[in-house]
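Undergrad: Give me a 3D structure for the following:
(one chain, ligands or ions: 1)
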Amino acid sequence: MGNKLLANNRFYILSFSILLSVMVFAWLRLTLADNQLLIMRTQQIFGLLSIIYLYVALAISPVAAIVGSQRIKPIIFARRSIGVSAFYYGLAHTVIVFWGQMGGFSQVEYLPALFIWSLIGGTVAIAIMFYMTITSTDWFIRVMTYRWWKLSHRLIYIGGILILLHVWSLGTHLVSASWQFALLGSLAVLAGLQTVRVVKFVNKKWQLFNRDESVVVGIAGWAIVVTLVVLTPSVVPNYHSRHTDSSKTETTNIHKMMGH
Ligand code: HEM
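TA: Numbers count the residues shown, from 1 in each chain. The predicted structure follows:
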């Protein structure tokens with residue numbers, strides 16, 4: 001049992017994630033004197049780490065489909081612990097921002113509609129991640145059957161889109177062009193990997209396209225996804241570019257509450 005644990009990369013990844021969260025918090029505590037700022041930076045970094053873990057977990061399947069599952073077997077095995085770590089950081093972010101920074105449920109009635117919608121999106125996403133975490137054991141896969149387990153875990157794509165909308169509509173950092181650029185670049189890479197995977201899958205199953213057609217369909221699919229991401233800011237409003245509206249005192253109060 002002991003040896004099995006030490007040969008298990010999931011164990012190391014989960015331990016590393018917990019250790020990293022403690023180290024991040026300790027480092028922030030040592031460098032920030034103000035408690036409110038400490039809370040804000042901690043939840044922001046934990047939110048970002050959750051997204052990074054989720055990104056890696058989502059990239060593994062298409063990479064496996066492209067290079068061959070056999071080549072990256074240990075990484076595929078590690079994927080569940082990477083997903084669980086994403087949930088761990090998402091939950092820590094939620095608890096710290098909701099109770100530590102915003103003041104809990106008693107404050108929700110003062111929130112503007114956009115803020116509430118953004119929190120609902122984040123909550124659904126964390127609920128999806130919670131479901132995936134509790135069903136991440138071999139026992140659950142056996143009980144649910146692999147087919148249904150796999151199908152239900154596709155919910156994470158909805159979770160990912162909701163997180164994107166949440167971060168765009170509420171986050172402070174995506175107002176800056178460099179963060180927008182970094183996010184767009186990462187999403188374009190992920191969309192590219194997913195497109196290759198989907199085209200490969202479709203071709204294997206139905207032999208629809210020849211080589212050249214596959215390239216054209218792939219590029220078109222990728223361009224559509226990237227365009228949708230680029231268009232998000234013009235469709236979904238950003239809370240921080242609105243808060244300057246001084247006629248909305250509630251917004252100004254929230255702003256103070258959020259420590260900005
Ligand atoms: C897996 C789920 C979630 C992830 C990955 C996530 C991630 C993030 C990220 C990356 C930011 C942007 C931080 C910044 O720009 O500095 C953010 C902002 C925020 N999130 Fe979440 N979030 C999640 C769920 C939630 C939930 C459930 C709530 C509350 C119920 C919440 C409340 C907030 C608030 C209030 C902000 C604005 C914080 C600020 O401006 O400093 N999030 N979230």
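Undergrad: Kindly report the residues of the stretch 1-150 of the chain close to the ligand.
TA: By the rule CB under 6 Å from any ligand atom, the part of the stretch 1-150 of the chain lying against the ligand is 40, 44, 47-48, 50-51, 90, 93-94, 97-98, 102, 119, 122-123, 125-126, 129. C-beta coordinates here come from the backbone N, C-alpha and C atoms, glycine included.
Undergrad: 8 Å instead?
TA: 40, 43-44, 46-48, 50-51, 54, 86-87, 89-91, 93-94, 97-98, 101-102, 115, 118-119, 121-123, 125-126, 129 (CB under 8 Å from any ligand atom).
Undergrad: out of the residues you listed, which are inside helices?
TA: Judged by DSSP state H, these include 40, 43-44, 46-48, 50-51, 54, 86-87, 89-91, 93-94, 115, 118-119, 121-123, 125-126, 129 as members of helices.
Undergrad: Give me the buried subset of those residues.
TA: Listed as buried from these are 40, 43-44, 46-48, 50-51, 54, 86-87, 89-91, 93-94, 115, 118-119, 121-122, 125-126, 129; burial here means 16 or more other CB atoms under 10 Å.
Undergrad: Can you list the low-confidence ranges for the protein?
TA: 1-3, 5-6, 242-260 (pLDDT under 70).
Undergrad: which non-adjacent residue is nearest the spatially most central residue of it?
TA: Nearest to the mean C-alpha position of the chain, by CA atoms, centre = their mean, lies Ile51 at 3.5 Å. Spatial nearest neighbour of Ile51, chain neighbours left out: Ile163 (6.5 Å); criterion: CB to CB, 6 or more residues apart in numbering.
Undergrad: quick one: the one you found and Ile52 touch, right?
TA: No: if you go by CB atoms under 8 Å, Ile163 and Ile52 don't touch, sitting 11.7 Å apart.
Undergrad: Tell me where the protein has strands.
TA: Using DSSP state E, no strands are found in the chain.
Undergrad: can you give me the helices for it?
TA: Using DSSP H, helices in the chain cover 2-6, 9-31, 35-67, 73-95, 113-134, 138-144, 146-153, 155-170, 177-206, 211-235, 249-257.
Undergrad: For those helices, give me CSV that also has distance to Ser241.
TA: Below are the helices of the chain laid out as CSV (distance: least, CB to CB, whole Å):
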stretch, distance to Ser241
helix 2-6, 49
helix 9-31, 27
helix 35-67, 18
helix 73-95, 22
helix 113-134, 11
helix 138-144, 43
helix 146-153, 35
helix 155-170, 10
helix 177-206, 12
helix 211-235, 9
helix 249-257, 12
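Undergrad: Near the residue nearest to Val24 when sequence neighbours are not counted, how many other residues are there?
TA: Nearest residue to Val24, sequence neighbours excluded (CB to CB, 6+ apart): Ile45, at 5.6 Å. Residues lying near Ile45 (other CB atoms under 10 Å) number 19.
Undergrad: now do Phe201
TA: Phe201 has 12 nearby residues by other CB under 10 Å.
Undergrad: what sits against it?
TA: Applying CB atoms under 8 Å, 6 or more residues apart in numbering, we find Phe201 in contact with Ala65.
Undergrad: how close does it get to Val63?
TA: 14 Å (CB to CB, to the nearest Å).
Undergrad: next one: Ser69
TA: Taken as CB to CB, the span from Ser69 to Val63 is 10 Å.
Undergrad: Specify which residue of the two has the higher count of neighbours.
TA: Val63 (18 against 13).
Undergrad: isn't that one right next to Ile72, touching?
TA: Yes: counting by CB under 8 Å, Ile72 is a contact partner of Val63 at 6.6 Å.
Undergrad: Common neighbours of the two, please.
TA: Common neighbours of Val63 and Ile72 (CB under 8 Å, 6+ apart) do not exist.
Undergrad: which residues are in contact with stretch 21-39?
TA: Taking CB under 8 Å, 6+ apart as the rule, stretch 21-39 contacts 41-42, 45-46, 49, 88-89, 92, 96, 100-101, 259.
Undergrad: Over to stretch 179-198?
TA: With CB under 8 Å, 6+ apart, stretch 179-198 has contacts from 55, 58-59, 61-63, 65-66, 164, 173-174, 218, 221-222, 225-226, 229-230, 233.
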